[in-house]
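Asks: The amino acid sequence is not available; the structure is as follows:
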């Protein structure tokens, strides 16, 4: 199974730092966030990895890949560059040939994740849906999108509900079947998987949630959360 890391976001909530350094390359424990993700994938046998980044940061990502050392050097990393912001799914049009019609992992590049990815892959194959979302429990779910579930099936997400019906939120990591591309109209240059793809997949009963019972997850999307990750990871 291949993996795709979304690394093209502008990181507006982390400015001015992200004017100079793309968010996935920000360090936690002196290692870029994206390198922690690569470690997770390699740990679970995923070595074919694509990074979807912004053309404006091409030198940063090429330098990062060139300087990978140790176990991370075992990863076969392909970097694809977007010339414009295309959302969390629009840019995947560039990767269709590379994915070669196979199931794949899709992950945000600005979160730290450490959980049993192999168990999630087994769960995805067992449930047989088009998409499986890794769900993590947090203390403050009202700050995120919270899934409305029927068993393992996800019917919809409630955006920042207060009170929240659950402590589980999307971790920003998914396992997707190639059929997911049938739900994308690439004549639209900007496509968000959360808003434009998943609702329709869920309405067809093909979106399931894998509840992470043991593991770690940190959102590094703003200065406060990034600082928390640095202190606790």
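Replies: Done, it's in. Quick caveat, the model's predicted, so the values are computed rather than measured.

Asks: Distance across stretch 179-194, terminal residue to terminal residue?
Replies: 16 Å (C-alpha to C-alpha, to the nearest Å).

Asks: ok, and for the helix or strand of the chain with the lowest mean pLDDT, which residues are buried?
Replies: The least trusted helix or strand in the chain, going by mean pLDDT, DSSP states H and E, turns out to be helix 17-20, with a mean of 86. Residues of helix 17-20 classed as buried: residue 18 (neighbour count, 16 or more other C-beta atoms under 10 Å). Placement of C-beta: from N, CA and C, glycine included.

Asks: quick one: contacts of that helix?
Replies: By C-beta atoms under 8 Å, 6 or more residues apart in numbering, the list of residues contacting helix 17-20 from outside reads 10-12, 26.

Asks: Among these, name the least confidently predicted one.
Replies: The lowest pLDDT within the contacts of helix 17-20 belongs to residue 11, with 75.

Asks: Now for that residue: which residues touch it?
Replies: If you count contacts by C-beta under 8 Å, 6+ apart, then residue 11 has 17-18, 22-23, 110 around it.

Asks: Mind listing the strands the lengthiest strand in the chain pairs with, and their directions?
Replies: Counting residues, the longest strand found in the chain (DSSP state E) is strand 168-176. Counting by DSSP bridges, the strands paired with strand 168-176 are strand 104-108 (antiparallel), strand 131-137 (antiparallel).

Asks: For the strand or helix carrying residue 155, buried residues please.
Replies: Using DSSP states H and E, residue 155 sits in strand 153-159. For strand 153-159, burial by neighbour count (16+ other C-beta under 10 Å) applies to 153-154, 157-158.

Asks: Which parts of this structure are helices?
Replies: 17-20, 33-43, 58-66, 87-90, 96-99, 117-127, 198-203, 223-232 (DSSP state H).

Asks: Highest mean neighbour count out of these?
Replies: Highest mean neighbour count of those: helix 87-90, a mean of 23 (counted as mean count of other C-beta atoms under 10 Å).

Asks: how much distance is there from it to the middle of the chain?
Replies: Chain-centre distance of helix 87-90: 11 Å, with C-alpha atoms, centre = their mean, to the nearest Å.
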